[in-house]
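J.: Sequence and predicted structure below; questions after.
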Amino acid sequence: MNIDRYAPIFVISVAAELAEMHPQTLRQYDRLGLVSPLRQRGKQRRYSQHDVDLLREIQRLSKDGVSLEGIRRILQLENQVAALSRRVGELSEQLERERIDRRGISLGRVFAAGTAGEVVPLARGQRPRARSQAVVVWRPQK
């Protein structure tokens, strides 16, 4: 059985037991914005498995002596890193799609080295202007 890690299925008492915390601690972390469970119609908190894992991580950091403000910053940075990693993946996929022409042939990238050592990008079929520029064709390795 495959359960969605982000499905809000646990009431506060169950989430507290799974995270080995007191329910009041979960309420405090919710007020501080460390964990944001989904709210049901009657404002009842529902926690996901992801939330429980996050509570365990908060508990571990707290036991290691990190303040709640420090934990908040760590979580913000981890979320930022995850978002940036997803974006890098998206851009890498987009770049790979653009490297392949309509016939499925990799186009590669063509660059010329200028007299001062600068890199000069060239369009496909374009030649360097000066004799001192060397042409380098870059093809990604598979």
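T.: Looks like it came in fine.
J.: which strands and helices sit next to the host helix or strand of E96?
T.: Element membership of E96 [criterion: DSSP states H and E] is helix 68-99. Using 3 or more C-beta pairs under 8 Å, 6 or more residues apart in numbering; DSSP states H and E as the contact test, the elements touching helix 68-99 are helix 49-63. Every C-beta, even on glycine, is put in place using the N, C-alpha and C of the backbone.
J.: Need the contact partners of the helix it packs on.
T.: 3, 5-10, 15, 18-21, 26, 29, 34-35, 37, 47, 68, 70-71, 74-75 (C-beta atoms under 8 Å, 6 or more residues apart in numbering).
J.: Would you mind listing the buried residues in it?
T.: Residues of helix 49-63 classed as buried under the neighbour-count rule (16 or more other C-beta atoms under 10 Å) are 49, 51-52, 54-55, 57-59, 61.
J.: That helix vs helix 68-99, what angle?
T.: Computed by axes from the mean of the first three to the mean of the last three C-alpha atoms, to 10 degrees, the angle separating helix 49-63 from helix 68-99 equals 130 degrees.
J.: Measure how far helix 49-63 is from the centre of its chain, please.
T.: Taking C-alpha atoms, centre = their mean, to the nearest Å, one finds helix 49-63 lying 19 Å from the centre of the chain it belongs to.
J.: swap in stretch 81-91?
T.: 5 Å.
J.: cool, stretch 111-125 as well?
T.: Centre-to-centre, stretch 111-125 and its host chain are 33 Å apart (C-alpha atoms, centre = their mean).
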